[in-house]
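Asks: Here is the input, now give the coordinates:
(2 chains)
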2 protein chains.
Amino acid sequence: MSRYVISLGGNALGKNASEQKELLKDVAHAIFPLIEANHDIVIVHGNGPQVGMINLAFSESESTPLMPFAECGAMSQGYIGFHIQNAIYNVMEEKNFHRPISTVVSQVLVDVNDSAFQHPTKPIGSFYSKEQADELAASQGYSMVEDSGRGYRRVVASPKPIDVIEKKSILALLKDKQIVIAAGGGGIPVIQKGHRLIGVDAVIDKDHASAKMAEIIDADELIILTAVDYVFLDFNTVNQKELRETTLSDLETLMKEGHFKKGSMLPKIEACMAFVKATKKPAVIASLEHAALAFKQQSGTIINY
Amino acid sequence: MSRYVISLGGNALGKNASEQKELLKDVAHAIFPLIEANHDIVIVHGNGPQVGMINLAFSESESTPLMPFAECGAMSQGYIGFHIQNAIYNVMEEKNFHRPISTVVSQVLVDVNDSAFQHPTKPIGSFYSKEQADELAASQGYSMVEDSGRGYRRVVASPKPIDVIEKKSILALLKDKQIVIAAGGGGIPVIQKGHRLIGVDAVIDKDHASAKMAEIIDADELIILTAVDYVFLDFNTVNQKELRETTLSDLETLMKEGHFKKGSMLPKIEACMAFVKATKKPAVIASLEHAALAFKQQSGTIINY
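Replies: Just a heads-up that it's a prediction; the model follows:
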């Protein structure tokens, strides 16, 4: 019996409520073998498209107030958490094997001095014209950048997660053998200011949040489920080769050789490395499709200390 | 040391994120004495204005998909839950007294055969013209009614809560002396269909959900915090008189005499009566402003078996 953190991509959750519900049926079936084997499980999900959608609804609607990004993230945790706990509950009912499952709304602490706040890089929300972008920069203090010729977008910082504020709630549920969904979208980013935690407009990478979660709850393994079966070397070239098992030092060499793309496989690998380095325990990057095999270490890239 | 369910009105939470954060500071200070006295506490909050706002943002926005009402409710649980747990965390930090607190995203079971589904009465979301209302009724199957001369609105059912699906998570957190926010907005309404729980477009009265929660977790007292200090007899007349302590049978007489208004004090009284009847334990209706006094039974209307 082991303790797992499973990181699930927001891109795998579709574009609206009914797609999300449908796609999560497969996710629930994929994770069920781990549940049935009585493992401890924390699920961390992404929220990129979903928080973008929520943010967009509030920006476009004329009668509703502007909604800060931290609050949009909190909404996405409710929205996605509901669907995940519902989907897994339903699969357990179908299989007549029951364990309690719930979503813990989670704040994740970031450092106000994180250099990411000086260089916001994460595009969020709608595209704007140059004029609209200038107006938003002036009126709201947003950082706006030109995005691949498609217009201007707001960018926010992507600081590193330091702590999960609700970790004691997550640990109490795990202790009771419950399944927990937490730190959705990487968590609601908060900074410490004197005695107060304050929500900030930022995006915490969900794989880094998963790695921090795995470290905090003393997980035996971090599993990042994504769209590809393995980490690949020379990805998308004739020399493309899957990486089945590797180590921290090998990965450092491969990173220097430029095998992994920024904004794609690189953050996942960095997140895994952070967990493996901190705990000497393994991390796995595998496809959602072959999750069941990955849980048995029969698919996916295994990263050892 | 006792176990409390505190029901908090959504109308007390303001119209936008910054108002909500500000108002919750007072709520957090009001509840702190109970926290410090090590009582078990579950907070159930309303979400009327907030879920309306989320629903409206998605209706008005042109680029986002239509968002079902159950999912809007889930979003409101993340949004309000985040602010409540943050506000209480911050007050505990300030007072240097710590207990873990978190929000559990909660589904609440309702009966598909509840007669409320035959007679939807709860208006939600925007006002529409007669033409728009007819179009929505035809295309989405919505029930639309004329609302006080201000136009047409969608109405949904307000079925009775039967069970809180995540009760085992809430109980595990309470067992660990944690503070729990749950069943926000009355809970995400779900019906049972074969082995599956399915979200439905409905609104569960948050006071009835609080009463059901209090019954399920074996609370010693249900406390409904609202805008007035007491339940009043002959409310808003020259004979107005506060009700300080009463019983189930006295209340039944008073109800028949028509003292309590539908859609206002009546559902709160009915919810209290349901709890008191089921458990023989007391319920209190008091103002948020004098919550600290109400917790000491020095303000508010006490309802005994």
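
Asks: ranges for the strands of the stretch 101-250 of chain A?
Replies: With DSSP state E, counting those that start in this stretch as the criterion, the stretch 101-250 of chain A has strands at A:101-104, A:107-110, A:122-128, A:143-146, A:152-156, A:161-164, A:179-182, A:188-193, A:196-199, A:221-226, A:231-233, A:241-243, A:245-247.

Asks: what's next to the fifth one, contact-wise?
Replies: Right, strand A:152-156. The contact list for strand A:152-156, computed with Cβ atoms under 8 Å, 6 or more residues apart in numbering or on different chains, reads A:69, A:120-130, A:132-133, A:136, A:142-147, A:201-203. In this view, the C-beta of every residue, glycine as well, is placed from N, C-alpha and C.

Asks: before we move on, the earlier item: reformat the strands of the stretch 101-250 of chain A as JSON lines; add distance to residue B:222 and mean pLDDT.
Replies: Converted to JSON lines, these look like this (distance: least, Cβ to Cβ, whole Å; pLDDT from 0 to 100):
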{"stretch": "strand A:101-104", "distance to residue B:222": "22", "mean pLDDT": "98"}
{"stretch": "strand A:107-110", "distance to residue B:222": "28", "mean pLDDT": "98"}
{"stretch": "strand A:122-128", "distance to residue B:222": "41", "mean pLDDT": "83"}
{"stretch": "strand A:143-146", "distance to residue B:222": "48", "mean pLDDT": "91"}
{"stretch": "strand A:152-156", "distance to residue B:222": "42", "mean pLDDT": "91"}
{"stretch": "strand A:161-164", "distance to residue B:222": "32", "mean pLDDT": "98"}
{"stretch": "strand A:179-182", "distance to residue B:222": "28", "mean pLDDT": "98"}
{"stretch": "strand A:188-193", "distance to residue B:222": "30", "mean pLDDT": "97"}
{"stretch": "strand A:196-199", "distance to residue B:222": "30", "mean pLDDT": "97"}
{"stretch": "strand A:221-226", "distance to residue B:222": "42", "mean pLDDT": "96"}
{"stretch": "strand A:231-233", "distance to residue B:222": "54", "mean pLDDT": "94"}
{"stretch": "strand A:241-243", "distance to residue B:222": "57", "mean pLDDT": "94"}
{"stretch": "strand A:245-247", "distance to residue B:222": "57", "mean pLDDT": "97"}
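
Asks: can you put these in JSON lines and add mean neighbour count?
Replies: JSON lines is the format used below for the strands of the stretch 101-250 of chain A (neighbours: other Cβ atoms under 10 Å in any protein chain shown):
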{"stretch": "strand A:101-104", "mean neighbour count": "29"}
{"stretch": "strand A:107-110", "mean neighbour count": "24"}
{"stretch": "strand A:122-128", "mean neighbour count": "18"}
{"stretch": "strand A:143-146", "mean neighbour count": "15"}
{"stretch": "strand A:152-156", "mean neighbour count": "22"}
{"stretch": "strand A:161-164", "mean neighbour count": "20"}
{"stretch": "strand A:179-182", "mean neighbour count": "28"}
{"stretch": "strand A:188-193", "mean neighbour count": "21"}
{"stretch": "strand A:196-199", "mean neighbour count": "18"}
{"stretch": "strand A:221-226", "mean neighbour count": "25"}
{"stretch": "strand A:231-233", "mean neighbour count": "20"}
{"stretch": "strand A:241-243", "mean neighbour count": "15"}
{"stretch": "strand A:245-247", "mean neighbour count": "15"}
